[in-house]
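Student: I need the structure of the sequence given here:
(4 chains)
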There are 4 protein chains.
Amino acid sequence: MNKQTTTSANADKLNLGGRSSELVEQEGNRQDLGFGTKPEASASRLLNKNGSFNVRHINQGFWNRMNIYPRLITMSWLHFLVWIFAAYMVANTIFALIYVWVGTENMMGAENTQVSAFWSSFFFSAQTLTTVGYGHLAPRGFLMSSIAAFESMLGLLSFALATGLLYARFSRPTPHIRFSNVAVFAPYLDVNGWMFRIINERSNQLIDVEIEVSYSRMVTRPDGSRARQYSNLKLERNKVAFFPNNWTIVHAITPDSPMHDCTPEQMNDSDAEFLILMRAIDDTFSQMVHLRYSYRFDEVVWGAKFRPMFNGDTRNMVTVDLNKLDEYDLVPLN
Amino acid sequence: MNKQTTTSANADKLNLGGRSSELVEQEGNRQDLGFGTKPEASASRLLNKNGSFNVRHINQGFWNRMNIYPRLITMSWLHFLVWIFAAYMVANTIFALIYVWVGTENMMGAENTQVSAFWSSFFFSAQTLTTVGYGHLAPRGFLMSSIAAFESMLGLLSFALATGLLYARFSRPTPHIRFSNVAVFAPYLDVNGWMFRIINERSNQLIDVEIEVSYSRMVTRPDGSRARQYSNLKLERNKVAFFPNNWTIVHAITPDSPMHDCTPEQMNDSDAEFLILMRAIDDTFSQMVHLRYSYRFDEVVWGAKFRPMFNGDTRNMVTVDLNKLDEYDLVPLN
Amino acid sequence: MNKQTTTSANADKLNLGGRSSELVEQEGNRQDLGFGTKPEASASRLLNKNGSFNVRHINQGFWNRMNIYPRLITMSWLHFLVWIFAAYMVANTIFALIYVWVGTENMMGAENTQVSAFWSSFFFSAQTLTTVGYGHLAPRGFLMSSIAAFESMLGLLSFALATGLLYARFSRPTPHIRFSNVAVFAPYLDVNGWMFRIINERSNQLIDVEIEVSYSRMVTRPDGSRARQYSNLKLERNKVAFFPNNWTIVHAITPDSPMHDCTPEQMNDSDAEFLILMRAIDDTFSQMVHLRYSYRFDEVVWGAKFRPMFNGDTRNMVTVDLNKLDEYDLVPLN
Amino acid sequence: MNKQTTTSANADKLNLGGRSSELVEQEGNRQDLGFGTKPEASASRLLNKNGSFNVRHINQGFWNRMNIYPRLITMSWLHFLVWIFAAYMVANTIFALIYVWVGTENMMGAENTQVSAFWSSFFFSAQTLTTVGYGHLAPRGFLMSSIAAFESMLGLLSFALATGLLYARFSRPTPHIRFSNVAVFAPYLDVNGWMFRIINERSNQLIDVEIEVSYSRMVTRPDGSRARQYSNLKLERNKVAFFPNNWTIVHAITPDSPMHDCTPEQMNDSDAEFLILMRAIDDTFSQMVHLRYSYRFDEVVWGAKFRPMFNGDTRNMVTVDLNKLDEYDLVPLN
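Tutor: Residues are numbered from 1 along each chain as shown, chains lettered A, B, ... in the order given. Next up, the predicted model:
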């Protein structure tokens, strides 16, 4: 390889004749998020509502596609428990068949179980796998005993995985942040602002909450080709130390905003999408948590103002009504 | 939705006619912590002594309100153990009833236990759930055996949760920082300072301890409305690498301090509160820990100086007396 | 010690006569990565493809050389399981021998197992170690009972290690990043660039991916001695928030680049190596992950352009073909 | 309290008459590490060789002084295992006594164990606690059965703690960094430097290693009182991305160094101590690790140069000899 490469036809000095390059600088300033600028993506949204990406990988290795652990952690509880139970049944069935094949005459007490050889074996397997080992069923002879010894070891190991996963799922810090179902363009101070609103549905605390918003849209290059462009939106406040109630994230549309002078029509044509990345720290174990969300052009209301979420009654406590998260009134823009 | 929104009556160009906005900048400089400026909160303290927030959520989903895991982690040890024991009793009772219903004639050895059918079933359930499985009681017949097989699996899973929680509680890094029960205004060098004092009650080490203090008070806006205002207080020292003994956190009241020229009366009227956020790293596992605390206007002493916490005897060791944390002497201010 | 050292012959004032030192500043600016400048390393690569370092330690303590835990975590699954199984067999054999020595007449039920005394003891040991404890074999007498009691405790402790390791291996966040097997010098905008390409083979997400590239080569000092020199390469983009598809990392060869005016021959002679350090956050548990990689001069193609990895078909999804990662076309450089 | 405090005699305006304060600024620039400036500490070292602090707390709460978890994690393996075993014996003894008190006539099979009632109970307890439950011993009657049921639950919970601790100890990332037993003043480029040397004894990797050194000494204040003063030492290199072999940390003694013009005598009189704080990331699980170390004036050699640790033989690998860590030659200073 060495030779072939280093003597390739056009291997000459990397000379620029001293020209510094503006293009390079421009490119360096491009605020890409890692999606690239391929127009293939144009037809669809980049970021799904659940935070997953709209990308398909092909020729992926089997295990990489399976991606077992994250899948087992993130699947629904119902699915997870069904999986565990199924695995338990399958394992017992397999061992039951083996025991039957070995012959239940090698299983002490099998004669008193009042069930068929298979089921005796099945229940013996279950008692071995869970290490409950009553002993009214017990292995006799070398083969039966070795298989049982092996199964009990296997039982400890496999249940360790099952229980480890169970606890990891249970203890995993999953921020339950609800985003307002639409973002709005609302009057903001003496200008207008693009806003959305979030609330922590959980009672546990999130601290040092950080938000990044990127405005993505298709633009037409001088050469007529279309490409996706990204700009980070300057926020009124991109970090808060505490997050006890709702938070309205605001991007003020000042002349230096990439959305300045933009119309709804332009936004639709440019296939605009607002990508949101949130970082926070879960208080219980001071663990970092991440969240992704996105609003597309058709999830933005022009000229609307969120209704306050605080309840009228002024007891000695601020009261936040989660149901009001999505409520807004249409208002004229500045 | 798309149509309705993007063609809403007042959807026009977001034009500012080039006016840049000072208001936006001001707003950007506001040092909010995430509490917002709602006066509803005025009557009460923002941050409770235990670090929780004085906010009530309504229309919260059931599971989100339950917030089981953090609750199980943070509840008192007594409560936790009672819960575990109760769950164990309940589970056994339920299964006992099932076994009784199935009929203890299907339970080998039930006749020798010298207790009622229910209790035989109860203890059999316990032996199955904990997988101790002596076997003097053992299932007979299909139904009994399957239920037992299921219970033993359930036992492994549920005890995994219990033990996982137990260990998580045990190993959780909880900083035992004690704050002086009052903050003081004391002479500091040639000016005055607002001070409070903390000590690590534990013997384990905290490193890279960081402190943030925010001074919150109600102000009257030009238009007469009242709103809560926040300012971060510049500290003599906001981070220390080591925290071996007590630490007096000092905010020097220089002319640029938000508390300059402030009187006790003003502080009361403005419903002042000092919000403290502490970050540190627990040495045992290099885990991040967080702590919140707050002092209200009525927990601040004007003209007082903390007594040193070091003991007189000067052996080859610095000796810190934790009982002296709250001691102070009244002194005239500069 | 004190005396000897502090009164050593040449202990005089640390005086510089006020001369400030440029050499010190230069040295301070040297961009070392921690490899040092020893030419010993010249003959070989600094960083192996698997991210390990090409360094050998001698006179290392036994346990430090063993370094058991990381080894057990990083070894292949096959090796790991073999180890577990072997340990299980060995432990049972040892205890079996002990039981035989104690005498199986002290083991109830040994007479019905239809196997030799050794195997009876072996299986009894297995049943004790795994705490399955059927009980058709049970200890009798003080000695046998105590050994069994000890073994069952040992079983719990050692299986806790085994299962802990098993789960740790299973849940460990290992980024499956594939690097293009060669780096290339390609035309880049109006200049040339040094590039390589990476792809996330896994389906799980990496976020906040950060890349650092250091260009290392041997240089001849004014005094004729050779030393290794390092320079960080300025990248078009050294961090992305999301990493949904492939990413081509580019270093533009502008006049201020350390590779400017460099030829393939020079690169070979200077024994050049590109050291890559990658940091990212695994999304499932927001855990930090690290990756190291390196390209040597003979793994760089001069004048080549990577082929796009996106598939032709434009369905509503971006489709990335992992097999295309290494594909490139030879092209003339600018 | 409120009243008493806010109306305290000397509670007047916090007025400075606009005087800004230089003292405050100076104080702000003091580079304290958290040890404070109390001279009590003067006689002894601040930081022990093992990284613990030379501070004694009195009137500490019992649990806080116990500080069980960190202690169990950091104690020696021998101590830990002895503790586990002892706890196991004690628990069994206690339950054995209870069972004897209940009466072993309620324990099936007690008559065949060929040991005294106490030992039968003891072994039964062990079989219950570990959930091995052979069943040749089994509870009979309500009381016996309930106690056994309770013990088996207790066994699961307590062994979960024991095994959790065992694994936590085993998997805890403890950096095995060895520091040269002395620091040296050596010629460095055209000036002199204060240096010490570290090596990673383990085979596993540490990355992003960061070092902070603080120079602490007693100074005499204008008013004649003595106080401890701290200055962070500017290092040639305070962070390396990789740490494959040894690393010599160098502070160049330029005119702006706090050690400039300092003599051995001064250093002794000023009771100087060099405090070192190290941060790194353990590669196996990307976990943060911390380390503390310190050199006192009598552990510094004036005019000495460390011998290179690289081995002569230049095979294709850099070879580092750990035994050479402490070797140095006396040399004249610049």
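Student: is stretch A:57-69 anywhere near chain C?
Tutor: Yes. Against chain C, stretch A:57-69 shows contacts by CB under 8 Å from any CB of the partner chain at A:His57, A:Ile58, A:Asn59, A:Gln60, A:Gly61, A:Asn64, A:Arg65, A:Asn67, A:Tyr69. C-beta: built from backbone N, CA, C; applies to glycine.
Student: Among those, which one lies nearest to C:Ile199?
Tutor: The nearest member of the residues of stretch A:57-69 next to chain C to C:Ile199, counting by CB to CB, is A:His57 at 8.2 Å.
Student: so the closest one touches C:Ser203, yeah?
Tutor: Yes. Using CB atoms under 8 Å, A:His57 is in contact with C:Ser203, at 7.1 Å.
Student: which of the two has more neighbours?
Tutor: A:His57 (22 against 16; other CB atoms under 10 Å in any protein chain shown).
Student: how close does that one get to C:Ile207?
Tutor: 17 Å (CB to CB, to the nearest Å).
Student: My read is that A:Asn245 contacts A:Val320, right?
Tutor: Yes. Using CB under 8 Å, A:Asn245 is in contact with A:Val320, at 4.5 Å.
Student: count of residues packed around the residue of the stretch 101-250 of chain A found nearest chain D?
Tutor: In the stretch 101-250 of chain A, the residue that lies nearest chain D is A:Gly135 (5.1 Å; CB to the nearest CB). If you count neighbours by other CB under 10 Å, A:Gly135 ends up with 27.
Student: Just say helix, strand or coil for it.
Tutor: Recorded secondary structure, A:Gly135: coil (DSSP: H, G, I helix; E, B strand; the rest coil).
Student: now do A:Ile281
Tutor: Put simply, A:Ile281 is strand when judged by three-state DSSP.
Student: ok, now which ones touch it?
Tutor: Contact analysis of A:Ile281 by CB atoms under 8 Å, 6 or more residues apart in numbering or on different chains lists A:Leu206, A:Ile207, A:Asp208, A:Gln287, A:Met288, A:Val289, B:Met288, B:His290.
Student: List the contacts of A:Asn323.
Tutor: Residues near A:Asn323 by CB under 8 Å, 6+ apart: B:Asn59.
Student: 10 Å instead, please
Tutor: The neighbours of A:Asn323, taking CB atoms under 10 Å, 6 or more residues apart in numbering or on different chains as the test, are A:Met309, B:Ile58, B:Asn59, B:Gln60.
Student: Make TSV out of those and add neighbour count.
Tutor: TSV is the format used below for the contacts of A:Asn323 (neighbours: other CB atoms under 10 Å in any protein chain shown):
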residue	neighbour count
A:Met309	22
B:Ile58	13
B:Asn59	12
B:Gln60	21
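Student: Could you save those as TSV and add columns showing distance to A:Pro187?
Tutor: Shown next, in TSV, are those (distance: CB to CB, whole Å):
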residue	distance to A:Pro187
A:Met309	19
B:Ile58	28
B:Asn59	28
B:Gln60	31
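Student: Contacting chain D as well, which ones from those?
Tutor: Subset of those in contact with chain D: empty, counting by CB under 10 Å from any CB of the partner chain.
Student: Just name the closest of those residues to chain C, please.
Tutor: Of the contacts of A:Asn323, the one sitting nearest to chain C (CB to the nearest CB) turns out to be B:Gln60, at 24.3 Å.
Student: Am I right that that closest one sits in a strand?
Tutor: No. Read with three-state DSSP, B:Gln60 is coil and lies in no strand.
Student: Do I have it right that it meets A:Ser203?
Tutor: Yes. Between B:Gln60 and A:Ser203 a contact is recorded at 7.4 Å, counting by CB atoms under 10 Å.
Student: what residues do those two have in common as contacts?
Tutor: Contact criterion CB under 10 Å, 6+ apart; residues shared by B:Gln60 and A:Ser203: A:His176, B:Met66, B:Asn67.
Student: Now the last one. Nearest residue, chain neighbours left out?
Tutor: If I follow you right, that is B:Asn67. Once flanking residues are discounted, B:Asn67 sits nearest to A:Ser203: 4.3 Å by CB to CB, 6 or more residues apart in numbering or on different chains.
Student: and the gap between that neighbour and B:Phe80?
Tutor: The value you get for A:Ser203 to B:Phe80, if CB to CB is used, is 18 Å.
Student: Which parts of the stretch 151-300 of chain A are strands?
Tutor: For the stretch 151-300 of chain A, applying DSSP state E, counting those that start in this stretch gives strands covering A:177-179, A:183-188, A:191-200, A:206-220, A:226-232, A:239-242, A:247-252, A:273-282, A:287-296, A:300-302.
Student: Which residues in the longest one does the neighbour count mark as buried?
Tutor: I take that to be strand A:206-220. For strand A:206-220, the neighbour count (16 or more other CB atoms under 10 Å in any protein chain shown) marks A:Leu206, A:Ile207, A:Asp208, A:Val209, A:Ile211, A:Glu212, A:Val213, A:Ser214, A:Tyr215, A:Ser216, A:Arg217, A:Met218 as buried.
Student: Help me confirm that the fifth one comes into contact with A:His290.
Tutor: What that stands for is A:Ile211. No. In this structure, A:Ile211 is not within contact of A:His290 by CB under 10 Å, at 11.5 Å.
Student: so what's in contact with those two at the same time?
Tutor: A:Leu277, A:Met278, A:Arg279, A:Ala280.
Student: Can you tell me which of these lies closest to D:Val184?
Tutor: A:Arg279 (44.3 Å).
Student: For that closest one, which non-adjacent residue is spatially closest?
Tutor: Distance criterion CB to CB, 6+ apart; nearest residue to A:Arg279, sequence neighbours excluded, is A:Glu210 at 4.4 Å.
Student: The most centrally placed residue in chain A: what's its closest spatial neighbour, skipping adjacent residues?
Tutor: The residue lying closest to the centre of chain A (CA atoms, centre = their mean) is A:Gly51, at 5.2 Å. Spatial nearest neighbour of A:Gly51, excluding adjacent residues (CB to CB, 6+ apart): A:Arg292 at 3.7 Å.
Student: where does A:Trp119 land on pLDDT?
Tutor: Note on A:Trp119: pLDDT of 94.
Student: ok, now A:Val182?
Tutor: Each residue has a pLDDT score; the one for A:Val182 is 95.
Student: So A:Leu137 is in contact with A:Thr104, correct?
Tutor: Yes. The pair formed by A:Leu137 and A:Thr104 meets the contact definition of CB under 10 Å, at 9.2 Å.
Student: ok, those two, which is more surrounded?
Tutor: A:Leu137 (28 against 21).
Student: what sits against the more buried one?
Tutor: A:99, A:104, A:107-110, A:112-113, A:120-121, A:123-125, A:127-128, A:148, B:135, B:138-139, B:145, C:134, C:136.
Student: Tell me the pLDDT of it.
Tutor: Predicted confidence (pLDDT) at A:Leu137: the value is 91.
Student: Spatially nearest residue to it, not counting backbone neighbours?
Tutor: Among residues not flanking A:Leu137 along the chain, A:Phe124 sits closest, at 4.2 Å (CB to CB, 6+ apart).
Student: what kind of secondary structure is the one you found in?
Tutor: Classification of A:Phe124 using three-state DSSP returns helix.
Student: What distance do you get for it to D:Tyr134?
Tutor: For A:Phe124, the distance to D:Tyr134 - CB to CB - is 16 Å.
Student: How about A:Asp32?
Tutor: Counting by CB to CB, the gap from A:Asp32 to D:Tyr134 is 66 Å.
Student: got it, and A:His251?
Tutor: 70 Å.
Student: So which of those two has more stuff around it?
Tutor: D:Tyr134 (32 against 25).
Student: Hmm, that one is touching D:Asn112, no?
Tutor: No. D:Tyr134 is beyond contact range of D:Asn112, at 11.9 Å (criterion: CB under 10 Å).
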